[in-house]
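Engineer: got a predicted model here, sequence first, then my questions.
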Amino acid sequence: MSKYYKLNKKYLPIVSRRNPHPLKNCLDNFKKSCGELDKLTKINDNWKNLIGLELFQECKPLNIEKKILTIAVNHPQWRQALIYNKHKLKERIEKIGIKNGD
């Protein structure tokens, strides 16, 4: 059986009607992903003040997924510095209005 059907000489794909996703779920997922992008943008805009000049030159935020901020570093020593300063960074991020529970 073909995956397409003919309608007025145009071929359209057959859409599976099994388990369609409600539009509300799609919009909620979109809203959530936009929220994460907004948080990442805010962090990027304030990165130098959040992390300090020395780390600013060696690290950059990549993404936020499941409330976890991923940061790229140029060398493992900078990873260690981030781990050491983790709590200060979390506090500073909260001060700019980004809460862990958001």
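Structural biologist: Right, received. Where do you want to start?
Engineer: distance of Asn49 from Leu27?
Structural biologist: As judged by C-beta to C-beta, to the nearest Å, Asn49 and Leu27 stand 34 Å apart. Just so you know, the C-beta spots here come from the backbone N, C-alpha and C atoms, and that holds for glycine as well.
Engineer: repeat for Lys67
Structural biologist: For Lys67, the distance to Leu27 equals 21 Å [C-beta to C-beta].
Engineer: check Ile96 too.
Structural biologist: 27 Å.
Engineer: over to His21?
Structural biologist: As judged by C-beta to C-beta, His21 and Leu27 stand 10 Å apart.
Engineer: one more: Ser33?
Structural biologist: Ser33 is 11 Å from Leu27, by C-beta to C-beta.
Engineer: likewise Ile43?
Structural biologist: Distance, Ile43 to Leu27, by C-beta to C-beta: 25 Å.
Engineer: neighbour count for those two, which is higher?
Structural biologist: Ile43 (21 against 10; other C-beta atoms under 10 Å).
Engineer: where does the more buried one fall, secondary structure wise?
Structural biologist: Here Ile43, judged by DSSP states H and E, is contained in helix 23-45.
Engineer: all helices for the protein, in order.
Structural biologist: In the chain, the helices defined using DSSP state H lie at 23-45, 47-51, 53-56, 76-84, 86-95.
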